[in-house]
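> Build me a model:
(one chain, ligands or ions: 2)
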Amino acid sequence: MKGSCLCGAIEYGVDAFTGPVRHCHCQSCRKAQATAFSSNARAFRNHFRWLKGKEKLSHFESSPGKLRHFCSNCGSPLMAEWLHEGQVIVRVATLDDVPHIDAFEHIWISHDLDWLNYDASLKSFSEAPQ
Ligand SMILES: [Zn+2]
Ligand SMILES: [Zn+2]
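Ligands and ions are numbered 1, 2, ... in the order given. A predicted model of the protein is given here:
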């Protein structure tokens with residue numbers, strides 16, 4: 001699988017995930033991604049590689065030893081890692097390929113925003129309405 005940032009400066013490859021895609025609703029993920037929840041999956045370090053633009057990477061150490069890597073040009077969050085762990089956390093929504101995984105779960109819904117609404121009756125548009 002291949003992924004990239006919004007501006008295309010950085011590309012990465014990931015061979016396989018070790019578990020489900022988890023839509024994490026925790027406050028840290030919400031702030032880090034600026035989204036209501038963040039879709040993440042873990043991969044062994046040797047199954048993840050930067051393919052292009054590594055010099056454009058920047059990171060924020062949100063907790064001691066936890067690095068959140070993002071593109072210094074466009075800001076896309078791409079991967080996070082605990083330096084002492086053997087797996088990295090991939091921001092699955094930045095994949096350009098369909099993730100090779102069929103398990104999805106929601107976690108940390110105790111941190112859900114009050115306005116996050118799963119109701120299927122919400123108005124939906126195939127693109128932005130005029
Ligand atoms: Zn970028
Ligand atoms: Zn989280």
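
> List the contacts of the lowest-mean-pLDDT helix or strand in the chain.
Across the helices and strands of the chain, mean confidence by mean pLDDT, DSSP states H and E is lowest for helix 27-33: a mean of 92. Contacts with helix 27-33, where a contact means Cβ atoms under 8 Å, 6 or more residues apart in numbering, come from 35-38, 40, 60, 62, 68, 77, 80, 91, 108, 111, 113. C-beta coordinates here come from the backbone N, C-alpha and C atoms, glycine included.

> now stretch 83-96: how far from the chain's centre is it?
Put simply, stretch 83-96 sits 7 Å off its chain's centre (Cα atoms, centre = their mean, to the nearest Å).

> try stretch 54-74
Remark: stretch 54-74 is offset 13 Å from the chain centroid, using Cα atoms, centre = their mean.

> got a list of contacts for it?
For stretch 54-74, contacts defined as Cβ under 8 Å, 6+ apart pick out 5-7, 9-10, 28, 32, 50, 53, 76-84.

> what do you get if the cut-off is 6 Å, keeping everything else the same?
The contact list for stretch 54-74, computed with Cβ atoms under 6 Å, 6 or more residues apart in numbering, reads 5-7, 9-10, 32, 77-83.

> gap between the two ends of stretch 21-29?
Taking Cα to Cα, to the nearest Å, the first and last residues of stretch 21-29 lie 14 Å apart.
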